[in-house]
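In: turn this into a model:
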Amino acid sequence: MPAASPKANPPQALDTAPQAAPRKRANEQLTATQVLQAKPRAKPYKLADGKGLYLLVNTSGSKLWRFKYRFSGEKLMALGGFPDVSLKQARQAHSAARKLLADGTDPMAQRQEASTAKRIAHTNSFAAVAKAWWQSWSANKSERHAGYAMRRLEADVFPAIGATPVSEVEAQDVVAMIKAIEARGAKDIARRAHQMCGQVMRYAIAHGLAKRNPVIDVKPGDVLAPRKQTNYARIDAKELPALLRAMAGCQGSSITRLAMQLMSLTFVRTSELIGAKWEEFDLTQKRWNIPAERMKMRTPHVVPLSEQALEVLATLHVLTGRGELLFPGERNPRQPMSNNTILAALKRMGYAGRMTGHGFRGLASTILHEQGFDHTHIELQLAHQERDAVSAAYNYATYLAPRTKMMQWWADHLDKQRRGAEVIQFKAA
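Out: Model (predicted):
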């Protein structure tokens with residue numbers, strides 16, 4: 001009887017699949033070296049670390065930590081990618097998730113709730129609510145004014161309290177913020193920041209995002225140094241002839257010289273002058289119709305144009321009439337000239353600290369009152385009245401006929417003053 005041949009071992013299946021990972025002993029964990037040296041293959045593969053934690057190596061070479069567990073069915077939890085999340089950190093996250101499972105909590109559901117809470121907190125942060133308020137508030141504001149407000153929020157308010165949930169903002173937070181602004185010498189900005197914060201908090205209360213307004217607990221005067229009342233520098237009326245002659249002979253840009261002349265004839269605010277557009281002028285009716293969005297009081301304003309003002313406009317139109325703006329900037333003709341242009345010209349003429357563009361308004365008011373013009377007409381022409389939406393419709397062109405006569409008298413008076421042909425006799429105090 002032939003000897004029995006030894007029993008052949010069953011053939012081992014060759015693991016030719018490129019995604020198969022090297023076999024590890026039971027309960028054997030990964031090492032940092034294995035994680036680091038794991039190379040991509042033709043197909044994704046896994047390196048198990050035990051208890052559901054493994055490293056998924058993709059064909060692209062990316063390495064992702066995953067935790068496979070059962071909670072009302074099989075689930076797969078992402079724990080980040082290597083090397084941003086190390087082996088040690090992945091194990092810590094895995095351990096925390098297993099503890100939640102042991103307590104009967106789904107770790108993925110718990111993480112989702114935390115993420116949602118964080119998102120809600122961010123949505124209701126002071127910065128987020130302030131931006132929502134700004135969108136509503138800026139609807140009827142000029143682009144320039146609205147942009148300034150947002151820049152102040154971004155520069156001064158958001159760094160201090162922007163991340164704080166709006167319902168958790170306290171009075172001391174606002175105090176610390178405005179005092180920090182004051183400390184750098186920006187007292188007016190500190191007061192504006194306080195005002196805007198109060199508006200944001202009122203918006204939050206109106207929309208159910210906060211229950212009280214802590215800003216009203218503190219007034220700027222309680223924590224900020226009192227500000228000195230400053231008036232715009234202006235010359236005395238007796239110095240007006242010399243100024244007008246200096247303006248006529250001013251060296252430099254013709255456009256700047258014409259800007260000063262038009263300002264003296266119309267005594268509008270500097271911002272209203274430099275932002276003027278040709279489309280605002282009705283030369284047939286001899287009027288300058290300034291739209292509400294460019295006015296400080298947010299209501300339209302009419303400036304009757306004297307014959308002298310029309311002459312200035314005719315000269316100016318030769319220089320800038322092809323563009324949109326009367327006074328375009330030198331570097332960017334689509335933007336108006338700087339509001340410091342007129343101030344700089346006055347400085348070159350020797351009037352530094354003695355006269356500003358705004359000073360023409362004060363001079364006009366003083367002289368017109370002294371000459372017996374009606375106070376109401378003067379104030380309307382200066383656009384001083386605080387006007388609501390209803391009264392604005394009437395004040396827009398109220399007393400236009402007497403205002404037109406007043407503006408022509410003023411232009412004639414400036415001509416006589418420049419020639420030195422008339423000296424105003426002021427009443428005794």
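
In: where's the nearest residue to residue 352 once chain neighbours are set aside, which helix or strand?
Out: Spatially, and ignoring its direct neighbours in sequence, residue 352 is nearest to residue 346 (7.1 Å; CB to CB, 6 or more residues apart in numbering). Quick note: C-beta positions are derived from backbone N, CA and C, even for glycine. Element membership of residue 346 [criterion: DSSP states H and E] is helix 341-348.

In: check the offset of that helix from the chain's centre.
Out: Helix 341-348 sits 29 Å away from the centroid of its parent chain (CA atoms, centre = their mean, to the nearest Å).

In: which residue ranges of the stretch 301-429 of the chain form helices?
Out: In the stretch 301-429 of the chain, the segments counted as helices under DSSP state H, counting those that start in this stretch are 307-320, 341-348, 359-370, 375-382, 389-395, 400-419.

In: lowest mean pLDDT across the ones you listed, which one is that?
Out: Of all these, mean pLDDT reaches its minimum on helix 389-395 (a mean of 47).

In: distance of residue 342 from residue 266?
Out: Computed with CB to CB, to the nearest Å, the distance linking residue 342 and residue 266 is 13 Å.

In: would residue 64 count as being in a strand?
Out: Yes. Assessed with DSSP: H, G, I helix; E, B strand; the rest coil, residue 64 lies in a strand.

In: need the pLDDT of it.
Out: In this model, residue 64 is scored at 95, pLDDT.

In: what's the burial count for it?
Out: Residue 64 has 17 neighbours, counted by other CB atoms under 10 Å.

In: for residue 143, same thing?
Out: Using other CB under 10 Å, residue 143 has 10 other residues around it.

In: contact partners for the nearest residue to it once chain neighbours are set aside?
Out: With sequence-adjacent residues excluded and distances taken as CB to CB, 6+ apart, residue 143 is closest to residue 293, at 7.9 Å. The contact partners of residue 293, taken as CB atoms under 8 Å, 6 or more residues apart in numbering, are 140-143.

In: put the buried members of the residues you listed into a ChimeraX selection.
Out: To isolate the buried subset of the contacts of residue 293 in ChimeraX, counting by 16 or more other CB atoms under 10 Å, use the following:
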select :142
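
In: how about the contacts made by residue 144?
Out: 271, 275.

In: one more time with 10 Å
Out: 271, 275, 293-294, 336 (CB atoms under 10 Å, 6 or more residues apart in numbering).

In: quick check, distance from stretch 408-423 to the centre of its chain.
Out: Put simply, stretch 408-423 sits 45 Å off its chain's centre (CA atoms, centre = their mean).

In: if we can go back for a sec, can you list residues touching both of residue 342 and residue 266?
Out: Common neighbours of residue 342 and residue 266 (CB under 10 Å, 6+ apart) are 273, 360.

In: and the residue nearest to residue 352, how many residues sit next to it?
Out: Residue 346: 24 surrounding residues under other CB under 10 Å.

In: so who does it touch?
Out: Taking CB under 10 Å, 6+ apart, one finds 233, 235, 243, 246-247, 250, 260, 352-357, 359 in contact with residue 346.

In: and what of residue 84?
Out: 63, 65.

In: same question for residue 166.
Out: 121, 123-130, 132-133, 200-201, 203-205, 207, 209-210.

In: ok, residue 401 next?
Out: 304, 377.

In: shaky segments in the stretch 1-150 of the chain?
Out: 1-27, 115-122 (pLDDT under 70).

In: ok, and the closest non-adjacent residue to residue 179?
Out: That would be residue 223: by CB to CB, 6+ apart, it lies 6.0 Å from residue 179.

In: residue contacts, the one you found?
Out: Neighbouring residues of residue 223 by CB under 10 Å, 6+ apart: 171, 174-176, 178-179, 182, 190, 194.

In: spatially central residue in the protein, please.
Out: Centroid check for the chain by CA atoms, centre = their mean gives residue 150 as the closest residue, at 2.1 Å.

In: for the helix or strand that it is a member of, buried residues please.
Out: Using DSSP H and E, residue 150 maps to helix 143-152. Neighbour-count burial for helix 143-152 flags 146, 149-150, 152 (criterion: 16+ other CB under 10 Å).

In: now do stretch 41-50
Out: 45, 47, 49.

In: which of the residues in whatever helix or strand residue 203 lives in are buried?
Out: Secondary structure assignment for residue 203, by DSSP H and E: helix 187-206. If you call a residue buried by 16+ other CB under 10 Å, then helix 187-206 has these buried ones: 187, 189-194, 196-201, 203-204.

In: could you point out the helix or strand that follows it?
Out: Reading on from helix 187-206 to the C-terminus, the next helix or strand found by DSSP H and E is helix 220-223.
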